[in-house]
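A.B. asks: turn this into a structure:
(chains A and B)
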Amino acid sequence: MKEVNHFRRVTLWWLVVSIPATLIVVLVLAPGMPPGNGTNQAAGQVIDNTVLFGIATPVTVAVLVVFTYSLITFRERTPQVAAEGPALRGHAGIQLWWIVVTTGLVLFLAAYGSIRMLEDGAGGGQGPNPIAPIKAPPGQRTLRVQVVAQQWQFTYRFPQYGGVEVPNIELPAHSTIQFNVTSLDVIHSWWAYQLGVKADANPGVNNVAYVQTRGPLTFDVHCAELCGVWHGYMFGVGHVVSKARFAAWIAAKQKQFAPSLKKLGPYSKTYFPQPLRRGG
Amino acid sequence: MSTTAVTAPPRAPLWRRLMGFNILTGILLGIGGWYLGYWIGTRLTGESFAYFASEAGQNDIAIFLGYFLGVVGFLAGLGFLNYPLRRMLGHPPTLAEKESAETHGALRYFSLSTDHKVVGMQYLVGIGFFFGVGGLAAMLIRTELLSPHHHVFGANQYLTLVGTHGTLMMGMMTSSILGPFANYFVPIMIGARRMAFPRIEAFTFWLLMAAGVILLTTLAWGGFQTGWTGYQPLGAQGTAGFDAYIGFFTLVGISMTLLGFNIMATVITMRAPGMTWSRLPIFVWGVLATAFLMLLAAPMLAAALMMATMDRTIQTTFFIPGYGGSSYLWQNLFWFFGHPEVYIVALPGFAIVLELLPVFTRKPLWGYRLAVAGLAGVTFLSFFVWQHHLFVSGINADLRPFYMLSTELISLPTGFIFLCCMGTLWRGRIRFTVPMWFCIGWAFNFLFGGISGVFLSDVPSDVLTHGSFFSMAHFHYTIMGGLIFTFFAAIYYWVPKMTGLRFNEMLSKIHFWTLFVAFNATFGPLFAVGWLGQPRRVVTYPFGLQTLNDVVSIAAYCIGVSMLIFLANVVWSLVIKREPSVANPWNSKSIEFQLPTPLPVHDFDRIPVFDADPYPYGEPVPAAPAFASGGGQV
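C.D. replies: Have a look, this model is predicted:
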């Protein structure tokens, strides 16, 4: 009887399954993945996820194929006979190749992720001294928006517009925006889903994140860090609108909130309000 | 030492045996200790409290003193003080706590016993109880999430359920393999008659039970809102329910530290002749690696909790920003414990699978050294990844590439484990027993858990999924799909040996398949829920996600049904039917299966001498000594 080359069969199965699976995942599924292409950072996350899918799919398929093939082919066909398998205790070549290949994949992933992160900040909070600051193109200025988190709402201050503080957010399209996220009490996390931005709000910390908006967009805002009893209700909606509409909106808000601005403290990177009280 | 035949004294009547040092006395003294501590605390601080009245009107000092003296009373009632007091008074050392089956019967399971087999059973049942409580909390969480707007629970009760579920599972289930199975089988596997420190072994168990009760008292205080992570300064706002969280996790931290330390000492110093490092069963390697993690990580948790306690009682401000404290400090300390912690719950699973696969493929473990390297690599690397929990927090943002690399590097040793599994399956003669099915379930679940971890470790991808249901699905795939599946594999594999009774094959298989399908139907969709933007621990969510959430909730109930089937299996097989199991139901070559069932009190008549590792499947059997094949010889 001819010896079956199991290794070659598994490799063939892997190719047969993984090539179409990877193509479907990378070309069909991944491009439509959240958070969509509303901003440069969100689109960057989609591209990043596509690359990760492209690597993860063949790896997953490989393990699944080996397991499935083994469980079917090497099942005990005569359980009443107390037969034992071959005493294989390892194979230096396979182990070496496995180490080389997985190390290569991991190093590539880490390098790729780092480069992507440094390229556009990836929308993540970068702390007070950003490692990947995004500069507005020449001739434009970066809009600075302070996100102030407290139990249980987000408010927004615009230091370039007199430090006006408003309860909802609108942003200009086709602009570079710098968020300075901070908290008044406990740890929150400002998650603007379609913008592709997430940054923790720590009390006493100025956490900077960037986004480059594209066209008009409606985005959901959630608190993504457990912040107490009404954490689940700490959500809202924001809009990216045309530059002209944004200018009109912020002018109206400056007028509307001018009285409260007098009572509000001056703009600052961080705030230390009243002492913490029990009972939250 | 040869076992001397001790003629058992006649058993005292039941009422007489109930008097003395056992769980009843422990509970009574524990309650007494609580009131004493609370009273002292109130006397100590009552006046200043009247002055600095807090909004909640609670006296944390009194509560902590109550917990402390309650635990001391409970342990004293169990008899933990007897030995040190007797030694101080000049009495000779005894092993009187090694209550024998003859004199104490089933009561030895309800008192301080230094027999590692009794402690193993105590752990299994005790942890199983709290696993049930935690699972019930999960069912209630999913009930609340059936609808985004109709509420079964208030927001506070909901968060309490989330916190109780997470804290119980992460605190208790940490010891779910090491407590029952390592305490029971590691001494036997390495050819020892007991653990290195039998009293400490019993201490870790009873401490854990006291901890579990303390956590449940949080319900009486109105719960806590922080989840299992206990983030500060949110925790500092909490009412006395957060004191219960601190009390629980402090005791768990101490218990874990001692458990790890005991196992390390046992494996390093008490191996029988011939049990060299390269013959050590892979399960023992996995347990040893976990013990290292426990010993090094858990004290960090206890330290952080001490600081939180001081913030709440004597008005320090470690974690209070605005008074010089930092919310980052807690996050760092907690995750420096918390990330090794998730490997503390993953590694025993690896070890079980690697230990069981050779038995059911009838092949030696493939790539033993690589498997050991994998376990050691995970252990080492797990201390260098904790800041990936803080990727968007703004701390040390410049170090994110490093943590990205270290996190992704940890998939290398995990990959070793998978390679060893595949190598062991390769050309084996695979027998599809129930433990084997659970191992296969582990491989499937952990594969997806690991792959989704790659997405979370990559900063640009993590910005989307951080703190969402995606990460929650990820760690349930690794912990529930990893640890719990292997926990059941271990139960089906070893409990017949521990009890001498057989499980019902049909019910066991139904249990596996319902659990496997329901588990994947529950947590698979949660990846999508997270990607679609549902943050963790929310009591309400966008309307568009209701369908997915309902699918998840219904699947979660199916997990509950599956667990009830398991419970029915336990009751039917071990209580009602009681079919005896043969000494070696799996035809395993590991030494514990060469011993008679039930295991003798002292395990071995003589300390065995090992001349091979326990996986000589398919290899010529050496001229058979007392133990039929491989493993150990007497």
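A.B. asks: now do the strands in the chain.
C.D. replies: All of this is about chain A. Applying DSSP state E to chain A gives strands spanning A:143-150, A:153-158, A:164-166, A:169-172, A:176-183, A:188-192, A:197-201, A:207-212, A:217-223, A:235-241.
A.B. asks: meant chain B, my bad for not saying
C.D. replies: B:609-610, B:632-633.
A.B. asks: between the ones you listed, which has the poorest average model confidence?
C.D. replies: Lowest mean pLDDT within the strands of chain B: strand B:632-633, a mean of 44.
A.B. asks: and residue 184, what pLDDT?
C.D. replies: Assuming you mean chain A. 91.
A.B. asks: oops, wrong one, chain B.
C.D. replies: 95.
A.B. asks: for the one 10 residues further on, same thing?
C.D. replies: For residue B:194, the model assigns a pLDDT of 89.
A.B. asks: quick one: residues contacting it.
C.D. replies: B:114-116, B:187 (C-beta atoms under 8 Å, 6 or more residues apart in numbering or on different chains). For the C-beta atoms, the positions are set from N, CA and C on the backbone; glycine is no exception.
A.B. asks: residues near the residue nearest to residue B:372 when sequence neighbours are not counted, how many?
C.D. replies: Nearest in space to residue B:372, with sequence neighbours left out and distances taken as C-beta to C-beta, 6 or more residues apart in numbering or on different chains, is residue B:285 at 5.3 Å. Counted with other C-beta atoms under 10 Å in any protein chain shown, the neighbours of residue B:285 add up to 23.
A.B. asks: distance of residue B:285 from residue B:536?
C.D. replies: Using C-beta to C-beta, to the nearest Å, one gets 34 Å for the distance from residue B:285 to residue B:536.
A.B. asks: what is the burial count for residue B:169?
C.D. replies: 25.
A.B. asks: thought it was touching residue B:132?
C.D. replies: No - with contact defined as C-beta atoms under 8 Å, residue B:169 does not count as touching residue B:132 (11.2 Å).
A.B. asks: quick check, the longest helix seen in chain B touching chain A?
C.D. replies: Longest helix of chain B, by residue count under DSSP state H: helix B:327-361. Yes - against chain A, helix B:327-361 shows contacts by C-beta under 8 Å from any C-beta of the partner chain at B:327-328, B:331, B:361.
A.B. asks: any idea what residue A:183 is bridged to?
C.D. replies: Counting by DSSP bridges, residue A:183 is bridged to residue A:149, residue A:203.
A.B. asks: number of residues surrounding the closest residue to residue A:227 other than its chain neighbours?
C.D. replies: Residue nearest to residue A:227 in three dimensions, not counting chain neighbours: residue A:188, with 4.8 Å by C-beta to C-beta, 6+ apart. Using other C-beta under 10 Å, residue A:188 has 32 neighbouring residues.
A.B. asks: which ones are touching residue A:188?
C.D. replies: So residue A:188 contacts A:149-150, A:154, A:200-201, A:223, A:225, A:227, A:234 (C-beta under 8 Å, 6+ apart).
A.B. asks: kindly indicate which of those lies nearest chain B.
C.D. replies: Nearest to chain B among the contacts of residue A:188, counting by C-beta to the nearest C-beta, is residue A:200 at 4.0 Å.
A.B. asks: residue A:226 is in contact with the closest one, correct?
C.D. replies: No - here residue A:200 lies out of contact with residue A:226, judged by C-beta under 8 Å, at a distance of 11.7 Å.
A.B. asks: mind splitting chain A into its structural domains?
C.D. replies: A:6-74+A:99-123, A:143-263 (automatic domain parsing).
A.B. asks: which of residue A:200 and residue A:226 has more neighbours?
C.D. replies: A count of neighbours by other C-beta under 10 Å puts residue A:200 above the other of residue A:200 and residue A:226, at 32 against 28.
A.B. asks: please name the nearest non-neighbouring residue to the more buried one.
C.D. replies: What sits nearest to residue A:200 in space, not counting adjacent residues and going by C-beta to C-beta, 6+ apart, is residue B:393, at 4.0 Å.
A.B. asks: burial check on the one you found, number of neighbours?
C.D. replies: 26.
A.B. asks: and residue B:575, by the same measure?
C.D. replies: 9.
A.B. asks: cool, and residue B:131?
C.D. replies: So residue B:131, with other C-beta under 10 Å, has 18 neighbours.
A.B. asks: in the chain, which ranges drop under the pLDDT threshold?
C.D. replies: No chain in the question, so chain A it is. For chain A, the stretches flagged by pLDDT under 70 are A:1-2, A:274-280.
A.B. asks: wrong one, chain B
C.D. replies: B:1-11, B:46-57, B:95-104, B:621-634.
A.B. asks: tell me how chain B divides into domains.
C.D. replies: Split by automatic domain parsing, chain B gives B:19-94, B:106-630.
A.B. asks: deepest-packed of those, please.
C.D. replies: domain B:106-630 (a mean of 22; mean count of other C-beta atoms under 10 Å in any protein chain shown).
A.B. asks: tell me how far that one is from the chain's mean position?
C.D. replies: Taking C-alpha atoms, centre = their mean, to the nearest Å, one finds domain B:106-630 lying 5 Å from the centre of the chain it belongs to.
A.B. asks: test my guess that residue B:507 contacts residue B:571.
C.D. replies: No - the pair residue B:507 / residue B:571 is not scored as a contact, 10.1 Å apart, by C-beta under 8 Å.
A.B. asks: shared neighbours, those two?
C.D. replies: In contact with both residue B:507 and residue B:571: no residue, using C-beta under 8 Å, 6+ apart.
A.B. asks: so which residues on the stretch 501-634 of chain B come close to chain A?
C.D. replies: B:531-533, B:535-542, B:587, B:616-619.
A.B. asks: please redo it, this time with the cut-off set to 10 Å
C.D. replies: Within the stretch 501-634 of chain B, the positions near chain A by C-beta under 10 Å from any C-beta of the partner chain are B:528, B:530-542, B:587, B:589, B:613, B:615-620.
A.B. asks: now intersect those with the helices, please.
C.D. replies: Those of those lying in helices (DSSP H): B:528, B:530-531.
A.B. asks: show me which of the residues you listed is closest to residue A:218.
C.D. replies: For those, the minimum distance to residue A:218 (C-beta to C-beta) is 18.5 Å, reached by residue B:531.
A.B. asks: related to what we said a few turns ago, just the angle for the longest helix of chain B relative to strand A:197-201, thanks.
C.D. replies: 120 degrees (axes from the mean of the first three to the mean of the last three C-alpha atoms, to 10 degrees).
A.B. asks: burial count for the residue nearest to residue B:531 when sequence neighbours are not counted?
C.D. replies: Leaving aside its sequence neighbours, residue B:531 sits nearest to residue A:34 (C-beta to C-beta, 6+ apart; 5.1 Å). The burial count assigned to residue A:34 is 18, neighbours taken as other C-beta under 10 Å.
A.B. asks: residue A:34 reaches residue B:527, doesn't it?
C.D. replies: No - look at residue A:34 against residue B:527 with C-beta atoms under 10 Å: they stay out of range, at 11.5 Å.
A.B. asks: find the residues that touch each one of these two.
C.D. replies: residue B:465 (C-beta atoms under 10 Å, 6 or more residues apart in numbering or on different chains).
A.B. asks: pull up the residues of the stretch 101-250 of chain B that are close to chain A.
C.D. replies: B:144, B:148, B:154-160, B:162-163, B:223, B:225-239.
A.B. asks: check the stretch 251-400 of chain B too.
C.D. replies: So far as C-beta under 10 Å from any C-beta goes, the stretch 251-400 of chain B lies against chain A at B:312, B:317, B:320-328, B:330-331, B:358, B:360-371, B:373, B:390-400.
A.B. asks: sounds good, over and out.
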